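Student: Take a look and give me a structure for this.
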Amino acid sequence: MSTLYVDNLEPKLSSRVHIPGHVIQTVQYTEDTDYSSSSTSPAQAAQTGTFTLNSSSNKVLVTANFLVRGQGSGGTTAARSAIYRGTVASGTKIRGGSEPQMYTQDGGTEQYAITCLQFLDTPASASTTYSIGFWRHSGAGNAHIYGSFFNTTIVMQEIAQ
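Tutor: Take a look at the predicted model:
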């Protein structure tokens, strides 16, 4: 048997303990919608509902999993995708550049890839939404996201700062 000795007990001053880096909340968004685009500019795919943070100074770890299909054209089969804060049309791409992309140059007619994108975002706002943007590579055919084959999932985790 163990004995616990306490010299002094202090009253509870707050209902929350602040530990930087820990996960405060996790929310998952899932859909089974199919999307298609013939554009070389980003098109709107899945968009989450509003994610409300406990503190606007916290960060959000966003993880998106989805199935992309690139159609071939002239020996190139490719599609590109990115995560956006807000909508694709009026939001902010939270990862720079035109990558990630799936790409082959083998004369194939199509390529499928289960894609995972992840980014630690600083929204600087108490609430936000996230979207997947996708587009075709300039040398390839149409780009698709097939939520009906492999459900699109976006997980948002609020990280304490």
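
Student: Show me where this protein has its strands.
Tutor: Along the chain, counting by DSSP state E, strands occupy 23-31, 34-37, 43-47, 51-52, 59-73, 76-85, 92-93, 101-104, 110-121, 127-128, 130-136, 143-146, 152-159.

Student: could you say what helices and strands the longest one packs with?
Tutor: Using 3 or more CB pairs under 8 Å, 6 or more residues apart in numbering; DSSP states H and E as the contact test, the elements touching strand 59-73 are strand 43-47, strand 76-85, strand 101-104, strand 110-121, strand 130-136, strand 143-146, strand 152-159. (C-beta placed from N, C-alpha, C; glycine too.)

Student: just to revisit the earlier point, export the strands of the chain to a markdown table and append columns for mean pLDDT, distance to residue 1 and mean neighbour count.
Tutor: Listed next are the strands of the chain as a markdown table, based on pLDDT from 0 to 100; distance: least, CB to CB, whole Å; neighbours: other CB atoms under 10 Å:
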| stretch | mean pLDDT | distance to residue 1 | mean neighbour count |
| --- | --- | --- | --- |
| strand 23-31 | 97 | 36 | 13 |
| strand 34-37 | 98 | 63 | 17 |
| strand 43-47 | 98 | 56 | 20 |
| strand 51-52 | 98 | 47 | 16 |
| strand 59-73 | 94 | 43 | 21 |
| strand 76-85 | 91 | 54 | 23 |
| strand 92-93 | 93 | 59 | 15 |
| strand 101-104 | 78 | 62 | 18 |
| strand 110-121 | 92 | 46 | 15 |
| strand 127-128 | 96 | 51 | 16 |
| strand 130-136 | 95 | 52 | 24 |
| strand 143-146 | 96 | 61 | 23 |
| strand 152-159 | 98 | 41 | 20 |
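
Student: could you dump these to CSV with distance to residue 3?
Tutor: Below are the strands of the chain laid out as CSV (distance: least, CB to CB, whole Å):
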stretch, distance to residue 3
strand 23-31, 35
strand 34-37, 64
strand 43-47, 56
strand 51-52, 45
strand 59-73, 42
strand 76-85, 53
strand 92-93, 57
strand 101-104, 62
strand 110-121, 45
strand 127-128, 49
strand 130-136, 52
strand 143-146, 61
strand 152-159, 39
